[in-house]
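Participant: all I have is the shape, not the residue letters:
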């Protein structure tokens, strides 16, 4: 079992919380690590949301080539200052995002980036398939199509995807946690993925 000092260190690494905040939260929950982690993550998300409107014009262009040159990815990850852009933690985040794009082949950064005609077309495909299976119309519109669209977003939108190195978080969560750690807004602006023969 981890000591309190080890738990505080882990909490800080995962949430970006300060030593005192991590220690105090752990004590408030009688040493329950999981509860303390959940509380600190929630605090971090709230802090990250406050920074979402800040301008992020610094950052890095990260390139990654996979499979002996068969897949290549370029991502632009922005932050507010060149100081943060040069930190190992920010560089690691950008690299992990490039790995994610190489492995899971998202089509868009966020749901908001999907063209309206693509969304409508996808809804129609799901609705037509459900109707062809004999599903009642109200079930199709109220449950089946929204459920299928949510799965479509998770597959095609980078921010909705589960992080390949930790399936307990999404890429959105990963970015938010890093915002809380560095104290600056971070934005995945765009990416491009190339695969040999496609």
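Facilitator: Noted; the coordinates are in hand. Keep in mind that what you see is a predicted model, and the values were worked out from it rather than measured.

Participant: list the buried residues in the longest helix seen in the chain.
Facilitator: Selection of the longest helix in the chain by residue count, based on DSSP state H, yields helix 33-51. Of the residues in helix 33-51, 33, 36-37, 39-41, 43-45, 48, 51 count as buried by neighbour count, 16 or more other CB atoms under 10 Å. In this view, the C-beta of every residue, glycine as well, is placed from N, C-alpha and C.

Participant: what sits against the residue positioned nearest the centre of the chain?
Facilitator: In the chain, the C-alpha closest to the average C-alpha coordinate belongs to residue 171, at a distance of 1.4 Å (CA atoms, centre = their mean). When contacts are counted by CB atoms under 8 Å, 6 or more residues apart in numbering, residue 171 is found next to 97, 100, 158-161, 163, 188.

Participant: among these, name the ones in helices.
Facilitator: Those of the contacts of residue 171 mapping onto helices are 97, 100, per DSSP H.

Participant: buried among the contacts of residue 171? Make that a ChimeraX selection.
Facilitator: A single ChimeraX command suffices to select whichever of those are buried according to 16+ other CB under 10 Å:
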select :97,100,158,159,160,161,163,188
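
Participant: which one of the contacts of residue 171 is nearest residue 130?
Facilitator: For residue 130, the nearest member of these is residue 160. The distance, counting by CB to CB, is 22.1 Å.
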